[in-house]
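> After the sequence you'll find the predicted model.
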Amino acid sequence: MSRLARSDRAPISNTPLRSQRTPAKPPRPLNDRPSRWRLLFRRQRHLLRPLAWTLMALVLLGSAAALVRTLQPASSLASLRERVTAGTSLVVRDIVIEGRLLTPEGMLRAALGVSKGDKLLGFSLEAARARIERLTWVQHATVERRLPGTIVVQITERRPFAVWQTGSRFVLIDRSGQIVADQDPVKDAAAFTVLPLVVGPGAPGYAAALLDQLAARPELRARVVAAIRVGERRWNLRLSNGADVLLPEGAEAPAMTRLMELHTAQALLDRPLQSLDLRLPDRLVVRPLPEPPLPLPPNPRRPT
C-alpha cells in the first residue's frame with residue numbers, strides 16, 4: 001500500500017505553472033517605428049532648457065527696448081534730476097574761493113555763473129572752469145561740488161616774472177610770457193624795480209629759458225641789467241658796465257659757461273669792453289672801448 005500510494009503522487013517539479021508566468025509582450029508591428037523627427041527630438045532633448053532660457057531672455061530684452069523707445073530720455077532725465085534736487089534740497093548754500101589775490105572777486109563770481117540758492121546740479125563744472133580760465137589774471141582753475149551744498153573754486157593766478165620793455169612801454173609778464181593785466185605802477189613799483197628786464201619784440205615768449213640759465217650763474221646774473229632780443233632769434237646781455245655780450249642762437253647755456261670760465265681765469269668782465277662776441281663756438285671776439293680823444297693843443301694865435 002505504501003508503495004502504491006507513493007507511486008500515485010505526482011512528481012514535484014520546479015517549473016512554475018503556466019498561469020503564474022508573466023505574459024510576453026506581443027511583437028511591435030513593423031509600421032509602428034518612431035519617425036525621424038521624433039528620434040531627433042529624443043537625441044537633442046538636453047538642449048531644450050538652454051533654448052527656453054534664451055528665448056525668455058530675448059523676450060524680456062525686446063520688452064525693455066520697446067519700453068525705452070516709448071519714453072523721452074531727455075525729459076525723463078531732467079525730471080529725475082528735478083525730483084532728486086527737490087527731494088534732497090540740493091541747492092547752493094555756500095561758495096568757497098581759494099587762491100584769489102589779484103583777480104576781482106565780482107568778476108570771478110560772474111564767470112562762475114552760480115549764486116547761492118541756485119540748484120547744485122543745474123550747471124556744468126567744465127563750462128564754469130573754462131569761463132574762469134578766460135579771465136586775464138587766472139592761469140588755471142578747478143571747480144568742484146561738495147555735498148550737500150558747497151561749490152569750491154580753486155584758482156592759480158599769473159605771477160609777475162619779468163618786466164618787458166616794448167618801445168617806451170614797460171609791462172609785467174608772467175613765466176609763460178603773458179602780460180599781467182590790471183597793472184598799477186604805484187602798487188607794482190617794487191616788481192618793476194626787482195624783476196629782470198627783457199627788451200625787444202618776441203622777448204616774452206623766450207624769456208623764461210634764458211632767465212633760468214642766468215639764475216644758475218649768480219655771478220653773471222648780478223652783472224646783467226637787461227636781456228635784449230635781437231631779430232627775434234637770439235639774445236644780447238647788457239652788463240652793468242655798459243658792455244654787451246652777444247650770445248649765439250640756441251646755444252646760450254654753453255656760451256655763458258665759457259664766458260664765466262674766461263672771467264675766472266682772466267677777470268674778463270671787469271675790463272673796460274664795448275662788447276664780447278660769443279656767437280662762434282671756437283673763438284671770442286672782444287671789442288674794447290674806444291679811447292677818449294686827445295685834448296686839443298692850445299691855439300697860439302688865440303689872444304690871452
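Yes, it's here.
> Going by C-alpha atoms from here, please, whenever you check contacts or count neighbours.
Noted.
> hey, where'd the helices end up in the stretch 151-300 of the chain?
Using DSSP state H, counting those that start in this stretch, the helices of the stretch 151-300 of the chain run over 189-194, 203-215, 218-223, 252-266.
> again, but for the stretch 1-150 of the chain
2-8, 36-43, 48-70, 73-88, 105-112, 125-133.
> how close does residue 277 sit to residue 249?
From residue 277 over to residue 249 the distance is 12 Å, taken as Cα to Cα, to the nearest Å.
> To clarify, my last question referred to residue 166.
For residue 166 relative to residue 249 (Cα to Cα), the value is 21 Å.
> for residue 123, same thing?
50 Å.
> which stretches of this protein have low pLDDT?
1-49, 66-89, 181-188, 190, 294, 299-304 (pLDDT under 70).
> Tell me how it divides into domains.
88-157, 162-288 (automatic domain parsing).
> how about a markdown table for those domains, with mean neighbour count and distance to residue 64 added?
Shown next, in a markdown table, are these (neighbours: other Cα atoms under 10 Å; distance: least, Cα to Cα, whole Å):
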| stretch | mean neighbour count | distance to residue 64 |
| --- | --- | --- |
| domain 88-157 | 16 | 29 |
| domain 162-288 | 16 | 55 |
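> can you put those in JSON lines and add distance to residue 56?
JSON lines is the format used below for those (distance: least, Cα to Cα, whole Å):
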{"stretch": "domain 88-157", "distance to residue 56": "39"}
{"stretch": "domain 162-288", "distance to residue 56": "64"}
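> The ones you listed: which one's closest to residue 55?
Nearest to residue 55 among these is domain 88-157 (41.5 Å), distances taken as Cα to Cα.
> and that closest one, how far out from the chain's middle?
Counting by Cα atoms, centre = their mean, to the nearest Å, domain 88-157 is centred 19 Å from the centre of its parent chain.
> now do stretch 203-212
Here stretch 203-212 shows a centroid-to-chain-centroid distance of 24 Å under the convention Cα atoms, centre = their mean.
> what do you get for stretch 155-175?
Averaging C-alpha positions (Cα atoms, centre = their mean) puts stretch 155-175 25 Å from its chain's average.
> how long is that stretch from one end to the other?
17 Å.
> Spell out for me which residue occupies the centre of the chain.
In the chain, the C-alpha nearest the mean C-alpha coordinate belongs to residue 140, at 11.0 Å (Cα atoms, centre = their mean).
> show me the residues around it that make contact.
The contact partners of residue 140, by Cα atoms under 8 Å, 6 or more residues apart in numbering, come to 133, 155, 156, 157.
> ok, back up a step: rebuild the helices of the stretch 151-300 of the chain as CSV, extending it with distance to residue 114.
Formatted as CSV, the helices of the stretch 151-300 of the chain follow (distance: least, Cα to Cα, whole Å):
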stretch, distance to residue 114
helix 189-194, 35
helix 203-215, 35
helix 218-223, 48
helix 252-266, 49
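> of all the ones you listed, which lies closest to residue 58?
Nearest of the helices of the stretch 151-300 of the chain to residue 58, taken as Cα to Cα: helix 203-215 at 63.1 Å.
> could you say what helices and strands the closest one packs with?
Judged by 3 or more Cα pairs under 8 Å, 6 or more residues apart in numbering; DSSP states H and E, helix 203-215 is in contact with helix 218-223.
> elements contacting the helix it packs on?
Using 3+ Cα pairs under 8 Å, 6+ apart: helix 218-223 touches helix 203-215.
> Report the distance from the helix it packs on to the chain centre.
Centre to centre, stretch against its chain (Cα atoms, centre = their mean), the figure for helix 203-215 is 25 Å.
> Could I get the full set of strands for the stretch 151-300 of the chain?
Per DSSP state E, counting those that start in this stretch, the stretch 151-300 of the chain carries strands over the ranges 162-166, 169-173, 197-199, 224-230, 234-239, 244-246, 273-277, 285-288.
> can you tell which of these is closest to residue 127?
Of all these, it is strand 169-173 that lies closest to residue 127, at 27.0 Å by Cα to Cα.
> Which residues does that closest one contact?
159, 160, 161, 162, 163, 164, 165, 179, 180, 183, 192, 204.
> Show me what stretch 226-238 is in contact with.
196-203, 224-225, 239, 244-250.
> redo that, cut-off 7 Å
With Cα atoms under 7 Å, 6 or more residues apart in numbering as the test, stretch 226-238 has contacts from 196-203, 224-225, 244-249.
> Likewise for stretch 270-289?
With Cα under 7 Å, 6+ apart as the test, stretch 270-289 has contacts from 243, 244, 245, 246, 247, 248, 255.
> Only alpha carbons, please: show it as PDB.
Provided in PDB are the C-alpha atoms of stretch 270-289 (Å, rounded to 0.1, in the frame of the first residue of the first chain):
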ATOM      1  CA  ASP A 270      85.900 143.600 -15.100                       C
ATOM      2  CA  ARG A 271      87.700 145.000 -18.100                       C
ATOM      3  CA  PRO A 272      86.500 148.200 -20.000                       C
ATOM      4  CA  LEU A 273      85.000 146.500 -23.000                       C
ATOM      5  CA  GLN A 274      82.400 147.500 -25.500                       C
ATOM      6  CA  SER A 275      81.300 144.000 -26.400                       C
ATOM      7  CA  LEU A 276      82.200 140.300 -26.100                       C
ATOM      8  CA  ASP A 277      81.100 138.300 -29.100                       C
ATOM      9  CA  LEU A 278      80.500 134.600 -28.300                       C
ATOM     10  CA  ARG A 279      78.500 133.700 -31.400                       C
ATOM     11  CA  LEU A 280      81.300 131.500 -32.800                       C
ATOM     12  CA  PRO A 281      82.000 128.400 -30.700                       C
ATOM     13  CA  ASP A 282      85.700 128.300 -31.300                       C
ATOM     14  CA  ARG A 283      86.700 131.900 -30.700                       C
ATOM     15  CA  LEU A 284      85.900 135.000 -28.700                       C
ATOM     16  CA  VAL A 285      85.800 138.400 -30.300                       C
ATOM     17  CA  VAL A 286      86.500 141.300 -27.900                       C
ATOM     18  CA  ARG A 287      85.900 144.900 -28.800                       C
ATOM     19  CA  PRO A 288      87.400 147.400 -26.300                       C
ATOM     20  CA  LEU A 289      86.000 150.700 -25.500                       C
END
